[in-house]
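Chemist: Using only what follows, build the 3D model:
(2 chains)
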Amino acid sequence: MTRLKADQRHAVRFSLNGKPVEDEAEPRMLLSDFLRHQLGATGTHVGCEHGVCGACTVVVDGMLTRSCLTLAAQVDGCELKTVEGLAPSADRLGVLQQAFRRNHALQCGFCTAGILMSLDHYLSRHPTPSEAEIRDLLSGHICRCTGYTPIIQAALEAAAELTSSKKETSNA
Amino acid sequence: MLQAVTSANRESGDQPWVGRSIERVEDAALLAGRGRFIDDLGVAPGTLHATILRSPHAHADILSIDVDAAKSLPGVAAVLTGTDVKAVTTSLVVGVKAPVECWPIAMDRVRYVGEPVAIVVAIDRARAEDAAELINVEYRPRGAVVDPLGAIVSGAPVLHDGFPGNLASDRSFRYGDPEKAFAEAPHRFSIDIRYPRNSCTPIETYGVVASHDAGEDAFEVLANFQGPFSIHTVIARALKVPGNRLRLRTPPDSGGSFGVKQGVFPYIVLIAAAARITGRPVKWIEDRLEHLTASVSATNRATTLSAAVAADGKILALDWDQVEDCGAHLRAPEPATLYRMHGNLTGAYDIRNVKIRNRVVVTNKTPTGLNRGFGGPQVYFALERLVQRIAIGLRLDPLDVIKRNLIGAGSFPYRTATGALLDSGNYQEAVARAVEHGRLAELKARRDEARAQGRLYGIGFTAVVEPSVSNMGYITTVLTAAERRKAGPKNGAQATATVGLDPVGSVTVHVASVPQGQGHRTVLSQVVADVFGLAPKDIRVNTEIDTAKDAWSIASGNYASRFAAAVAGTAKIAAERVAGRLARIAASQLNVEAADIVFAKGFVASKRNPENRIAFSRVAALSHWSPGSLPDEAGQTIRETAFWTPPELTPPDEDDRINSSLCHGFIFDFCGVEIDRVTLGTRIDRYVTMHDCGTILHPGMVNGQIRGGFAQALGAALLEEYAYAEDGSFLTGTLADYLLPTTTEVPEPEIFHMETPSPFTPLGAKGVGEGNCMSTPVCLANAVADALGVADITLPLVPARLAELVRGAEPPPPAGGASAAAVRGGDRRLRGEGQTAVKGAPEQVWAMLLDPATLQSVIPGCQRVDKITETHFRADVTLGIGPVTGRYRADVELFDLDAPRTATLRGRATGALGFGNAEGRIMLAPDGNGGTTLTYSYDAAIGGKVASIGGRLLDGATRVIIGQFFTALARKAGGGGAEGAGFSLFALLAKLGSLFGGRR
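Modeler: Below you'll find the model as predicted:
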């Protein structure tokens, strides 16, 4: 195991939304700060820096992860997915994102990235969730604007749409 | 002026865009991670980063601040204390006439936990924080007051000499003949309310980037400030520059505000001062602990409200006694929270006689400011709880008492006793529709059924008038009429909007509404598209503000629910002026009268002959390309800025009547709640909320505002409180302590609408964003009171509080016993005692306890111990508790030494994470086997950051650290792994002093 020196910057390399990235970080640098201020991936937001609000949620090697409770050095060699990797292209939104827009499931949009990451991760593993399951999943996120119900609605709509499009694909 | 043409869409029979829930233009970027919030934007090369050292004490004199070690740390550019800031700024203005200063950083005294004491500026944030830990501040604590009524008791510690007895303002008002009404009324009801402190706390914290141009002595500031821009004058004055040398800009996106981001302004002054002193741009982003502890909060308030009531439940008079707690400083625009509702103190009711005493007090808590609902929750909690008490007292149905008192449907516009001009409404109709569509009869049946099964089920009601578009003059009601005459009139609310047409005829709109996530850009595109006969996608809206270039006024900003009513309407006015000119130009080109012109589907056409038309873009571009060909009277169509202020917003009159707001929506809520008999958790079974907010511009956004306000109000009612200990320690510094509602607590409210347009606004719209923050807390409280059959309800309705109501106060735990047992509650001191066996004779153990080298090796986290005198030690220890690790400096002195038998120790520790005091007694006795029996007791108190974030963890951490100490001492004393071990008074006290030490 590499031994990191507290007062030195060390190279950190990982895959971010399918593309290799590399920069240097002190051992104490948080992943959230590394993503935002070193790599310029500012879509991931920081709301509390103690793991409660969920705004900074990203996916590391297939696991939902609070980037504010993770050191940049910890993800060396990992595969990361952030909100910037959700849309199929720069001018198009994905199914989940579109459902959010249709349902007014965001207002200020600050917490949204984390919520999208949790839902994207969950729906890929649980394609037909119940409302209670979605509510349980999202209880780890705080949104101050929407009162949550439009988010739940968007998630359920997206799940239904994703499932039916998969069926169509498999039927074809 | 040219006459404006009305929206062509309506006339042509096409559906207007206004009123439709179109998708938001804001969303694509936000959903793809391309938002541009303040911390997402880059900064200029060489920008420095600030961190703020804050007071761990609620009230203390600053004896000294040693910044030498911090300054010498590599990468540190400057360390500023109050003295440095004072050299380049002046005090913030205070909203009442009193010889009091209000600095954004402590000068020689701290008055609340979290008050800035020093600013460290360094090449990056981490280095700034490293340096802040090295600053040594010596405090001499003073007594603290946290309760508003306690603050005005004679003999209470005084915060500011200029506010004798902590009283910043004391005004009495009288409308009608309340004395007569009370004397003659058959019934009198009264209620005492303590409304708690809370905050709508946005997920994005404060941010400021400031720079200073020394050549022009001009500041440039980017901040996620939300307005009102009256505060711009406060900031400029504090920075000692005229307004035109303070360029204040806002970022494109803001991560929510709910009023809270008004409170960033003292930090604008601090960071701008730091930029001036260092000569470099300086950036500061607040962290969550700072935000919860010291950003801003709603006021807490103690209210006694009495009503004179007729036998049928008709309220004949009200007598308000409000004591408003604004925290440690009266910061602009306070005491606005108290006066925002002044015209609305009779709520939705026709009550002609009102008596009011308004007192504003200061306490050792964070200064207050804007917060969604702004004064409404405090007022309606008292008024609507009282209405329920009246119903119970007279054995009437609470809904009947509400209906008996509602303002008559034919009375609008209605002037309230205290001066508000209620613009429009039909409250009876709204109530009737809510009762029907919300199925009240069925809800009552559910309640009866639940109760028949022995369950705790209750129904609550509330009726609320929701004011919006504040009169900038309402705050002057705090002054006497004579003082107001001297100061000159203040009134109105200037809204502004600019519509521009570029050389290809595309339309740009700019407003100074500073949205915080509400979707202003989308709504404005709808409003302006309707005027020009275009689609929303054709309209590009910019809502960033730049005070150096944009139209703005003191009323600009995002507060008092003024967007739909004032700003959107002003955009319509600006667009209609441009459209009027375009109509003249098109008329001359199409050879028709201007009155025959219509804007539809991208064309400007003749109404009578739609084939006679010209493309909008072509007419729109003409002012750029061929101004000479415009008709003489048309004028340019390149850019039009409209200002609009409603004439109804007049200053307070000689009798203190004030029309505090322009628009008045109506809300009628009822709900059913069930309280679990075992857990006493409150579950909302159904929540019905009926709104009349005038014309609805975007139904999806209106419902979004209602849901969002409802969720925040639910938090205020059931979960949230900024809690303080009696010594002023702040106890809820993390989101694990200050609980916000999540998906599992917030149900979907049943929302119903009625639209009674406001006659006073261009679009007929009224504000809607704050109403549920006013109605929902008291509606839930009324339901819980109904369920439990109790009279006194205090928020938040956490199970522990309901348990006290239902089961009585919890008995104290049995006395004596366990070591390190924490005694919580009243004084929150940590006390403990214990006994342990140590190898080695008492003399040996005694010597160890007095030996710095031994102590250093056995105290967990000890960096060094210095022996100042034979009985005075000083130690540096590093300890982690919960999420934070910090350094403490501990001083321990020994008294009453009776070697090798007994000693008393007194310790004090301070550090970046807090402070503590402890006193202990130790007794050594031979155990008869060559060893020593050590008996100890301690009594400790703790405060500061560690109390804010680690409260839940203190007991466990105490045990761990004491255990570590004993293990180490045993190893040292016995040379082996014998259990038991030893005890260092000094070490324990250093530990306790620093961590578990006393809360005083």
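
Chemist: From now on I want contacts and neighbour counts done on CA atoms only, so please keep to that.
Modeler: Will do.

Chemist: Residue B:628: neighbour count?
Modeler: 10 (other Cα atoms under 10 Å in any protein chain shown).

Chemist: and it, which of the three is it?
Modeler: Classification of residue B:628 by DSSP: H, G, I helix; E, B strand; the rest coil places it in helix.

Chemist: ok, it to residue B:621 distance?
Modeler: According to Cα to Cα, to the nearest Å, residue B:628 and residue B:621 sit 13 Å apart.

Chemist: Residue A:158 now?
Modeler: Counting by Cα to Cα - residue A:158 and residue B:621 are separated by 43 Å.

Chemist: which of these two has more neighbours?
Modeler: A count of neighbours by other Cα under 10 Å puts residue A:158 above the other of residue A:158 and residue B:621, at 24 against 20.

Chemist: With just CA atoms, put stretch B:833-847 into CSV.
Modeler: Taking C-alpha atoms only, stretch B:833-847 is exported to CSV below (Å, rounded to 0.1, in the frame of the first residue of the first chain):
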residue,chain,number,x,y,z
GLU,B,833,-17.1,10.0,40.5
GLY,B,834,-15.2,6.7,40.7
GLN,B,835,-12.6,4.6,42.3
THR,B,836,-9.8,2.6,40.9
ALA,B,837,-6.8,0.6,42.0
VAL,B,838,-3.3,1.4,41.0
LYS,B,839,-0.1,-0.5,41.6
GLY,B,840,2.4,1.4,43.6
ALA,B,841,2.3,3.2,46.9
PRO,B,842,0.4,6.4,47.3
GLU,B,843,3.7,8.3,47.4
GLN,B,844,4.6,6.9,44.0
VAL,B,845,1.3,7.7,42.5
TRP,B,846,1.4,11.2,43.9
ALA,B,847,4.8,11.8,42.4
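
Chemist: And it, what's buried?
Modeler: B:833, B:835, B:836, B:837, B:838, B:839, B:840, B:841, B:842, B:843, B:845, B:846 (16 or more other Cα atoms under 10 Å in any protein chain shown).

Chemist: Equivalent analysis for stretch B:265-283, please.
Modeler: Quick answer for stretch B:265-283 (16+ other Cα under 10 Å): B:265-278, B:280-283.

Chemist: List phi and psi for residue 102.
Modeler: With no chain named, the answer covers chain A. phi -60, psi -40 (degrees, to the nearest 10).

Chemist: can you pull out the helices in the stretch 751-900 of chain B?
Modeler: Assigned helices in the stretch 751-900 of chain B, in chain order: B:771-788, B:799-807, B:842-849, B:852-858 (criterion: DSSP state H, counting those that start in this stretch).

Chemist: For those, give me JSON lines that also has mean pLDDT.
Modeler: Below are the helices of the stretch 751-900 of chain B laid out as JSON lines (pLDDT from 0 to 100):
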{"stretch": "helix B:771-788", "mean pLDDT": "98"}
{"stretch": "helix B:799-807", "mean pLDDT": "91"}
{"stretch": "helix B:842-849", "mean pLDDT": "84"}
{"stretch": "helix B:852-858", "mean pLDDT": "80"}
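
Chemist: Can you tell me the closest non-neighbouring residue to residue A:115?
Modeler: Nearest residue to residue A:115, sequence neighbours excluded (Cα to Cα, 6 or more residues apart in numbering or on different chains): residue A:141, at 6.6 Å.

Chemist: sec struct for the one you found, please.
Modeler: coil.

Chemist: quick one: the strands in the stretch 401-550 of chain B?
Modeler: Listed in chain order, the strands of the stretch 401-550 of chain B (DSSP state E, counting those that start in this stretch) span residues B:414-415, B:421-422, B:456-470, B:495-501, B:507-511, B:539-542.

Chemist: quick one, the fifth one and strand B:495-501 angle?
Modeler: Taking axes from the mean of the first three to the mean of the last three Cα atoms, to 10 degrees, one finds that strand B:507-511 is oriented at 160 degrees with respect to strand B:495-501.

Chemist: partner strands of strand B:507-511, parallel or antiparallel?
Modeler: Using DSSP bridges, the strands paired with strand B:507-511 are strand B:495-501 (antiparallel), strand B:539-542 (parallel).

Chemist: nearest to residue A:162, of those?
Modeler: strand B:539-542 (32.7 Å; Cα to Cα).

Chemist: can I get the CA coordinates of the next helix or strand after the closest one in PDB?
Modeler: Where DSSP states H and E defines the elements, the next helix or strand beyond strand B:539-542 is helix B:568-590. Taking C-alpha atoms only, helix B:568-590 is exported to PDB below (Å, rounded to 0.1, in the frame of the first residue of the first chain):
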ATOM      1  CA  ALA B 568     -43.600  39.900 -13.500                       C
ATOM      2  CA  GLY B 569     -46.100  42.700 -13.900                       C
ATOM      3  CA  THR B 570     -43.400  45.200 -14.400                       C
ATOM      4  CA  ALA B 571     -41.900  43.100 -17.200                       C
ATOM      5  CA  LYS B 572     -45.300  43.100 -18.800                       C
ATOM      6  CA  ILE B 573     -45.500  46.900 -18.600                       C
ATOM      7  CA  ALA B 574     -42.000  47.200 -20.100                       C
ATOM      8  CA  ALA B 575     -42.900  44.800 -22.900                       C
ATOM      9  CA  GLU B 576     -46.200  46.600 -23.600                       C
ATOM     10  CA  ARG B 577     -44.400  49.900 -24.000                       C
ATOM     11  CA  VAL B 578     -42.100  48.400 -26.500                       C
ATOM     12  CA  ALA B 579     -45.000  46.700 -28.200                       C
ATOM     13  CA  GLY B 580     -46.900  50.000 -28.300                       C
ATOM     14  CA  ARG B 581     -44.000  51.500 -30.300                       C
ATOM     15  CA  LEU B 582     -43.600  48.500 -32.500                       C
ATOM     16  CA  ALA B 583     -47.300  48.800 -33.300                       C
ATOM     17  CA  ARG B 584     -46.900  52.300 -34.500                       C
ATOM     18  CA  ILE B 585     -44.000  51.300 -36.700                       C
ATOM     19  CA  ALA B 586     -45.800  48.300 -38.100                       C
ATOM     20  CA  ALA B 587     -49.000  50.400 -38.600                       C
ATOM     21  CA  SER B 588     -47.000  52.800 -40.800                       C
ATOM     22  CA  GLN B 589     -45.500  50.000 -42.700                       C
ATOM     23  CA  LEU B 590     -48.800  48.100 -43.100                       C
END
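
Chemist: Now the next helix or strand after helix B:568-590: buried residues?
Modeler: Per DSSP H and E, the first helix or strand lying C-terminal to helix B:568-590 is strand B:597-600. Neighbour counts over strand B:597-600 (16+ other Cα under 10 Å) mark B:597, B:598, B:599, B:600 as buried.

Chemist: these two touch, right, the third one and residue B:535?
Modeler: No: counting by Cα atoms under 8 Å, residue B:535 is not a contact partner of residue B:599; they are 11.5 Å apart.

Chemist: rewinding a little: out of the buried residues of stretch B:833-847, the closest to chain A would be?
Modeler: Of all these, the one sitting nearest chain A is residue B:833; the distance, using Cα to the nearest Cα, is 34.0 Å.

Chemist: Show me the longest helix that occurs in chain A.
Modeler: In chain A, assigned by DSSP state H, the helix with the most residues is helix A:149-171.

Chemist: So what touches that one?
Modeler: By Cα atoms under 8 Å, 6 or more residues apart in numbering or on different chains, the surrounding residues in contact with helix A:149-171 are A:95-96, A:99-100, A:102-106, A:119, A:123, A:127-131, A:134-135, B:743, B:746-748.
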